[in-house]
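> Kindly generate the corresponding structure for this input.
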Amino acid sequence: MLEIKHLKTMRALAQTGSLTKTAQWLHTTTSALSHQLKELEQRIGQPLYVRKTNPLKFTAEGELVLALAESILPQIQETEARILDMQRTTQGQLRLAIECHSCFQWLMPAIRNFHKNWPMVELDFNSDYMFDAMPGLTEGDLDLVITSDRYPSDLIHFEPLFDFEMLLVCSPEHKLAKQKSIQPSDLSNQTLLTYPVAEHRLDIYKHFLLPANCQPGLVKKVDQTLMILQMVTADLGVAALPAWAVLEYQQQGLIATCKLGEQGLYSKLYAAVKTRMLQQNYIRAFFDISRSVSLLNLKDVRPLTE
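So this is what the prediction gives:
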């Protein structure tokens, strides 16, 4: 009656909360996914979830199948990882770097998960390439870089991880705090706090300010997310940061957030490796673990399947 694909679908539904996101995550179509679920419901004789609910709600039968998935799938993954370990004759190496501080929030749990499943791979996190890591990858000092800067290359592969919303962050007393959305011109007399990165690499410039031919009143460069947030709470400037990075401060009432533009500003994140490294199983495993951990731990992230 039940197959592994059914368990994977139910687990993905619980994680994403919608058929559309689940279809994206499982690299299928919404109609194909809906057909699979209807077929399973016919086998069971009962619906698995309540239609037209947001977020999606499971029936009692659905909860039973989900509980089975949560129990069985991790065991399958662990067994598969052990089999791969047994098949490897040499130890691997994964030298990592990221190009933004806010990625720590999901990367550290991903690294712990990866190390548990791939203990034979030597992990090394390099902090020397914090904001400009791609040269380290091309020159051979790094094996993988988490970046939002994708460009055409035959030598470098950019694995899509997820996309996420960038929000304008300001103090609750700031005059922009009450606006539902921010226009580029709203920042023309503001102090913008950014990471120490060239303007053309910052999404708020590339996709928000420059297309509107706008510039902030003043720019201050700060190399730590925590320091940026502390400066924002002190009303020393505004910043554009990922939604997940500011959630805790927002819940405490220390900051206010606004959409950047009517439709919001979304950024994309990739794992960059040399193309020849794709043949390594542990590289593929790192991609999958990173996507899974980010979906579970971060606010408002979406699968990136381009």
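
> Okay, strands next: where are they in the stretch 201-306 of the chain?
Using DSSP state E, counting those that start in this stretch, the strands found in the stretch 201-306 of the chain span residues 218-221, 238-242, 256-260, 265-274, 301-303.

> what's the closest of those strands to Gly136?
For those, distance to Gly136 was read as CB to CB. The smallest value, 10.5 Å, belongs to strand 265-274. Using the backbone N, CA and C atoms, a C-beta is placed for each residue, glycine as well.

> Which strands border the closest one, and is each parallel or antiparallel?
strand 144-147 (antiparallel), strand 156-170 (antiparallel) (DSSP bridges).

> Need the CA coordinates for it. CSV is fine.
Extracted in CSV, the C-alpha atoms of strand 265-274 (Å, rounded to 0.1, in the frame of the first residue of the first chain):
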residue,chain,number,x,y,z
LEU,A,265,13.1,41.9,-3.0
TYR,A,266,14.2,38.2,-3.2
SER,A,267,17.8,37.0,-3.3
LYS,A,268,19.1,33.6,-4.5
LEU,A,269,21.7,31.5,-2.8
TYR,A,270,24.0,28.9,-4.5
ALA,A,271,26.7,26.4,-3.6
ALA,A,272,29.6,26.9,-6.0
VAL,A,273,32.0,24.1,-6.7
LYS,A,274,34.4,23.3,-9.5
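
> any idea of the angle that strand forms with strand 256-260?
80 degrees (axes from the mean of the first three to the mean of the last three CA atoms, to 10 degrees).

> Please spell out which residues along strand 265-274 are buried.
Leu265, Tyr266, Ser267, Lys268, Leu269, Tyr270, Ala271, Ala272, Val273, Lys274 (16 or more other CB atoms under 10 Å).

> what's it in contact with?
With CB atoms under 8 Å, 6 or more residues apart in numbering as the test, strand 265-274 has contacts from 103, 134, 137, 143-148, 150, 155-166, 203-204, 207-208, 240, 242, 259, 283, 286-287, 290, 304, 306.

> coming back round to it: out of the strands paired with strand 265-274, which is the most enclosed?
Highest mean neighbour count among the strands paired with strand 265-274 (mean count of other CB atoms under 10 Å): strand 144-147, with a mean of 23.

> Give me the mean pLDDT for that one.
Average pLDDT, strand 144-147: 93.

> Outside of it itself, which residues are in contact with it?
Under CB under 8 Å, 6+ apart, the answer for strand 144-147 is 94-100, 103, 107, 129, 133-134, 136-137, 158, 161, 269-273, 277, 283, 286.
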